[in-house]
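Colleague: Any chance you could fold what I've pasted below:
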Amino acid sequence: MSLSWFPRRAARLALLSAVAQCAVLFAVPAQAADAEKPQGKPPTPAAMAARKADAAHYAACMARIDVNAKDAFDDADSWVALGGGTPAKHCAAAALLKMGFATEAATRLQDMAQQGHQDDDVSAGLLEQAARAWADAKNWDNANGAISAAIRLTPKNAALWLSRARIRARAQNYGLAVDDATEALKLAPKSVEARVVRGSAYRFLDALDLALQDLDAAVKGAPADPAARLERGIVHRLLKQANAARADWAAALAALPEDSPMAEDVRRNIELLEFPEPAAESPAAPAKP
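Modeller: Next up, the predicted model:
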């Protein structure tokens with residue numbers, strides 16, 4: 001089997017996705033919850049000022065993770081001690097994940113999700129982040145349990161089915177990854193990412209015809225998508241279609257920063273095309289008596 005792009009790329013993107021989701025998890029649901037509450041006394045100016053200060057503190061804490069994760073954790077930990085609540089705990093967990101403490105981060109995220117102080121969308125988002133952290137720790141049972149719990153809370157969320165497909169692919173459960181990517185496509189038929197994930201899983205199952213169907217559809221939907229181009233190039237290489245593979249990888253490199261991890265994957269596959277690894281020799285037949 002050739003080099004797979006998505007298990008390693010998914011690990012690299014886990015923290016970035018957690019940070020990107022933070023506004024959805026805490027800011028937007030909080031506003032929606034306020035709108036659904038019975039109309040009573042409006043918040044006092046002091047309460048509004050405290051809310052804005054917490055939002056600013058949370059944004060600054062999350063932004064600091066990429067600069068100095070240890071400082072971000074220390075800040076968040078102190079904030080938790082002062083009653084910072086869910087945003088403070090989330091920043092602390094994200095910082096731990098960035099520092100490489102995936103098991104501790106996963107435990108904290110899952111505990112937050114199970115506290116029951118938020119709506120289902122927020123709990124599902126926290127469980128999904130916990131699942132990715134468990135996957136980073138290679139604790140596949142806990143990862144599957146957390147993401148499956150998230151899906152049970154919000155079964156119409158295509159992103160959760162796709163996340164479980166990625167996690168199962170990382171655990172080399174490619175058949176289950178195909179099933180989950182298929183469910184994601186039922187909910188989001190135009191999802192290029194789901195096509196790429198399913199196509200890559202099909203490749204690992206040696207179903208190259210099905211892989212190519214998905215990847216052709218992905219490239220048609222997003223011609224410049226580097227992940228689709230990388231993966232389709234791999235399938236072309238396995239099908240001995242060298243010119244098609246080169247064309248896909250040239251398109252991928254044109255869309256990627258030169259020093260990006262995915263560009264490294266592209267160049268590695270180009271090397272495999274130009275300089276194939278020697279096949280293992282068959283053992284010598286036993287001498288006839």
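Colleague: Can you name the element that comes right after the helix or strand containing residue 78?
Modeller: Using DSSP states H and E, residue 78 sits within helix 69-81. Next helix or strand after helix 69-81 toward the C-terminus (DSSP H and E): helix 85-98.
Colleague: What helices and strands are in contact with that next one?
Modeller: Helices and strands touching helix 85-98, by 3 or more Cβ pairs under 8 Å, 6 or more residues apart in numbering; DSSP states H and E, are helix 6-22, helix 45-65, helix 69-81, helix 102-113, helix 120-136. C-beta here means a position set from N, CA and C on the backbone, and glycine is covered the same way.
Colleague: Same question for it: list its buried residues.
Modeller: 86-98 (16 or more other Cβ atoms under 10 Å).
Colleague: Tell me which of the helices and strands packed on helix 85-98 sits nearest to residue 273.
Modeller: With Cβ to Cβ as the measure, helix 6-22 is the member of the helices and strands packed on helix 85-98 nearest residue 273 (19.5 Å).
Colleague: what mean pLDDT does that closest one have?
Modeller: Helix 6-22 shows a mean pLDDT of 44.
Colleague: Least confident secondary structure element in the chain?
Modeller: Lowest mean confidence among the helices and strands of the chain (mean pLDDT, DSSP states H and E): helix 28-36, at a mean of 39.
Colleague: Contact partners for residue 255?
Modeller: Neighbouring residues of residue 255 by Cβ atoms under 8 Å, 6 or more residues apart in numbering: 224-226, 229.
Colleague: Repeat that for residue 93.
Modeller: 105, 108-109, 112, 129, 133.
Colleague: what's the answer for residue 150, then?
Modeller: Per Cβ under 8 Å, 6+ apart, neighbours of residue 150: 113, 123-125, 127-128, 131, 157, 160, 163.
Colleague: Of the residues you listed - the most surrounded one?
Modeller: Of all these, the highest neighbour tally under other Cβ atoms under 10 Å goes to residue 131, namely 31 neighbours.
Colleague: what helices or strands is whichever strand or helix holds residue 159 leaning on?
Modeller: Element membership for residue 159 (DSSP H and E) is helix 158-170. For helix 158-170, the packing partners by 3+ Cβ pairs under 8 Å, 6+ apart come out as helix 6-22, helix 120-136, helix 140-153, helix 174-187, helix 192-204.
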